[in-house]
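> quick one, structure for this:
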Amino acid sequence: MSARRVPSRVRLVAAAAAVLAPLLASCAVLVPGTPTPAPPRTVDGAQLERDVRAVLADDPATAPLATAPVQCPQQVVVYPHLVLFCQVVQGPVIRSIPVTILDREGNYQVGRPF
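Modelled structure (predicted):
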């Protein structure tokens, strides 16, 4: 039997892979003390619903809506200037209430229902 000759380029690539594999693996290791990204801040939907009811109750024009069921999105990631819509169901009528996220801390402003 004769030995099969492997082209020199194949041997070079195999040698390079053997040398680079440990280096590449070490790049994937986390260095102790490296900060991990914080989870994104979210809006508490239950608190948002309570705040919407309070805003509705404070205005005499919208006070009757404050006793109706309010539904707001849950666990929405905070992005400044994002507009969410809560819904108020009053009999057969569904009204939307815009809520604008003001800043990265999650402060928001409740708008007028339409």
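> look at the residue nearest to Val55 when sequence neighbours are not counted and report its pLDDT.
With Cβ to Cβ, 6 or more residues apart in numbering as the measure, Val110 is the residue that lies nearest to Val55, at 4.3 Å, once sequence neighbours are left out. C-beta coordinates here come from the backbone N, C-alpha and C atoms, glycine included. We have a pLDDT of 97 for Val110.
> beta partners of Val110?
When assigned by DSSP bridges, Val110 has beta-bridge partners Val99.
> please name the nearest non-neighbouring residue to the residue nearest in space to the middle of the chain.
Relative to the mean C-alpha position of the chain, the nearest C-alpha, by Cα atoms, centre = their mean, is the one of Val77, at 3.7 Å. When the adjacent residues along the chain are set aside, Val77 lies closest to Pro40, with 4.6 Å between them (Cβ to Cβ, 6+ apart).
> ok, that neighbour - how many residues close by?
10 (other Cβ atoms under 10 Å).
> that's a strand at it, yeah?
No - residue state for Pro40 (DSSP: H, G, I helix; E, B strand; the rest coil) corresponds to coil; a strand is not indicated.
> these two touch, right, it and Tyr79?
No - taking Cβ atoms under 8 Å as the definition, Pro40 is not a contact partner of Tyr79, at 9.1 Å.
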